[in-house]
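**Q** let's see this in three dimensions:
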Amino acid sequence: MSGVVKRYRVMALAAGVMSLLLWFVELPVVYLIQDPELTEKVKWIPFVHGYVYAFYVLAAIHFTAKARYSIKQMILFILAGTLPVASFIAERKVARSITLQ
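**A** Below is the predicted model of the structure:
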């Protein structure tokens, strides 16, 4: 199961970083600063975030299924990818639970 865990942890970190970029770089530039030149430079962030989040969801489903977590826990892991810091917290929880076993 270590490959599944590693895949989930990598995707959780990637989703967290992309979520931070989306929330704290792209959205303020587009909606607060409204500079066309800056907007052009950050327009890639939502697209990459969307793809990374989709792969994060697949990794979370695969991990929770292999670990035999409940549906509620699976949903919580999936939702953790929607908030900037939550995926980091979920990844740490997984890392701790694996090292305790």
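**Q** all the helices of the chain, in order from the start?
**A** 2-21, 27-28, 36-42, 44-66, 71-80, 86-100 (DSSP state H).
**Q** among those helices, which gets the worst mean confidence?
**A** Note on these: lowest mean pLDDT is at helix 86-100, with a mean of 86.
**Q** what's the angle between that helix and helix 71-80?
**A** Relative orientation of helix 86-100 versus helix 71-80 (axes from the mean of the first three to the mean of the last three CA atoms, to 10 degrees): 130 degrees.
**Q** I'd like to know which elements helix 86-100 is packed against.
**A** The contact analysis (3 or more CB pairs under 8 Å, 6 or more residues apart in numbering; DSSP states H and E) places helix 86-100 against helix 2-21, helix 71-80. Placement of C-beta: from N, CA and C, glycine included.
**Q** give the contact list for Leu79.
**A** Shown in contact with Leu79 (CB atoms under 8 Å, 6 or more residues apart in numbering): Ala86.
**Q** what about it, distance to Ala15?
**A** The spacing between Leu79 and Ala15, counted by CB to CB, to the nearest Å, is 12 Å.
**Q** and what of Ala65?
**A** 18 Å.
**Q** again with Arg96
**A** From Arg96 to Ala15 the distance is 19 Å (CB to CB).
**Q** ditto for Ala54
**A** Relative to Ala15, and taking CB to CB, Ala54 is found at 10 Å.
**Q** which of the two has more neighbours?
**A** Higher neighbour count among Ala54 and Ala15: Ala15, with 28 against 13, using other CB atoms under 10 Å.
**Q** pretty sure the more buried one contacts Tyr51?
**A** No - counting by CB atoms under 8 Å, Ala15 does not reach Tyr51; the two are 10.3 Å apart.
**Q** what does Val85 show for phi and psi?
**A** Dihedral angles phi and psi of Val85 (degrees, to the nearest 10) take the values phi -100, psi -20.
**Q** so what's the residue lying closest to it once chain neighbours are set aside up against?
**A** With CB to CB, 6 or more residues apart in numbering as the measure, Gly16 is the residue that lies nearest to Val85, at 7.1 Å, once sequence neighbours are left out. Applying CB under 8 Å, 6+ apart, we find Gly16 in contact with Gly81, Pro84, Val85, Ala86, Ser87, Phe88, Glu91.
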